[in-house]
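Trainee: Quick one, what's the 3D model for this:
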Amino acid sequence: VKPFAFLTLFLSVLYIENKNIKWGVLALGSALLSIYAKPSFIITFLPSLAIFVPIYVVQQTGLSINGMATGLAGVSKKYKNEILFLITLSLLSALMLWFQYAAVYDDVSDSKIVFDYLGVWSLYTPSITGSILLTYLFPLAVLLLVKLKKSNAYILVFIINIISVIYFSVLAEEGVRYTHGNFGWSMQISVQLLFTFSLVVFVKRYSQLSDWKKYVLSIALSLHIVSAIYYLINLSLGVSYY
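Mentor: As a prediction, the model looks like this:
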């Protein structure tokens, strides 16, 4: 699912920015393939895109949210491509997700999706707040210390991460799949997307940063790398992934 997640994100932003139908068709195809692989990305991408499109319109028009509401007809006409893309992607994704849901939960005794505040997440960490801060240490440091005009893709990725954290916090599968933490996959995918963008920003702006910012960001990135190596070594020795 991860390669298709990257492609869907990039192609969707390309279409929204350039209005080239080729990018839109490719984005739709990539999104559907990502659902076929695993629905974890699309369930965060669709609501994130629904939030991003109004933000993009506000940026382009200079209108406030209230201004958009009063001039909705004009805005809808000018940005009909973006709106149609969002609607088409949502409908096709919803149809494919419904078929997947029906196939997975075909037995009344099978697992169901339920609201469960921090229940599953608590199984895998003694401190959810600490885990979030450690997980997002480098991306947050880049956001706070590197001043630059954030790209549309960068903004969309941050929205996706916020949605994914909310999902993992409040959604679960009851029954035998409860401990599987499948809604955590949305966060796993979105974190990797954010790391990719943050690393690109860091490398591109490295020479323009002050020494202390270089040190802080380099140490934060190094901690992630060292912990990843430690994790992989433990996995190879047979230690449980949690």
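Trainee: Check which helix or strand Ala172 maps to.
Mentor: strand 171-173 (DSSP states H and E).
Trainee: Ser90 too?
Mentor: Ser90 belongs to helix 80-104, assigned by DSSP H and E.
Trainee: try Val114
Mentor: strand 113-115.
Trainee: one step back: tell me which residues of the helix holding Ser90 are tucked away?
Mentor: Glu82, Phe85, Leu86, Leu89, Ser93, Met96 (16 or more other CB atoms under 10 Å). C-beta coordinates here come from the backbone N, C-alpha and C atoms, glycine included.
Trainee: rewinding a little: quick one: name whatever helix or strand follows the strand holding Val114.
Mentor: Next in sequence after strand 113-115, counting helices and strands by DSSP H and E, comes helix 119-122.
Trainee: Return the list of helices and strands in contact with that following helix.
Mentor: Counting contacts by 3 or more CB pairs under 8 Å, 6 or more residues apart in numbering; DSSP states H and E, helix 119-122 packs against helix 128-135, helix 152-170.
Trainee: let's see it at 10 Å
Mentor: Judged by 3 or more CB pairs under 10 Å, 6 or more residues apart in numbering; DSSP states H and E, helix 119-122 is in contact with helix 128-135, helix 152-170, strand 171-173, helix 184-205.
Trainee: Quick one: mean pLDDT over it.
Mentor: Taken as a whole, helix 119-122 has an average pLDDT of 90.
Trainee: circling back: burial-wise, tell me which of the helices and strands packed on helix 119-122 comes out on top.
Mentor: strand 171-173 (a mean of 22; mean count of other CB atoms under 10 Å).
Trainee: And for that one, what's in contact with it?
Mentor: With contact meaning CB atoms under 10 Å, 6 or more residues apart in numbering, strand 171-173 is reached by 43, 104-105, 110-121, 178-184, 186.
Trainee: what do you get for stretch 91-108?
Mentor: Contacts for stretch 91-108 (CB under 10 Å, 6+ apart): 28-29, 31-32, 34-36, 38-39, 42-43, 45-46, 110-113, 173, 175, 177.
Trainee: same thing with stretch 194-212?
Mentor: Contacts of stretch 194-212 (CB under 10 Å, 6+ apart): 6, 9, 135-136, 138-143, 145-148, 150-151, 153-158, 160-161, 164, 213-218, 220-221, 224.
Trainee: tell me the mean pLDDT over that stretch?
Mentor: For stretch 194-212, the mean per-residue pLDDT is 92.
Trainee: shift numbering so it begins at 526
Mentor: Sounds good: first residue 526 from here, last item stretch 719-737.
Trainee: ok, now how distant is Lys605 from Leu617?
Mentor: Lys605 sits 18 Å away from Leu617, going by CB to CB, to the nearest Å.
Trainee: wait, Val583
Mentor: 27 Å.
Trainee: again with Gln713
Mentor: 24 Å.
Trainee: Wait, Thr550 touches Ser537, no?
Mentor: To be clear, residue 550 is Val; Thr isn't right here. No - using CB atoms under 10 Å, Val550 is not in contact with Ser537, being 11.4 Å away.
Trainee: Tell me which of these two has more neighbours.
Mentor: Per other CB atoms under 10 Å, whichever of Val550 and Ser537 has more neighbours is Ser537, with 27 against 12.
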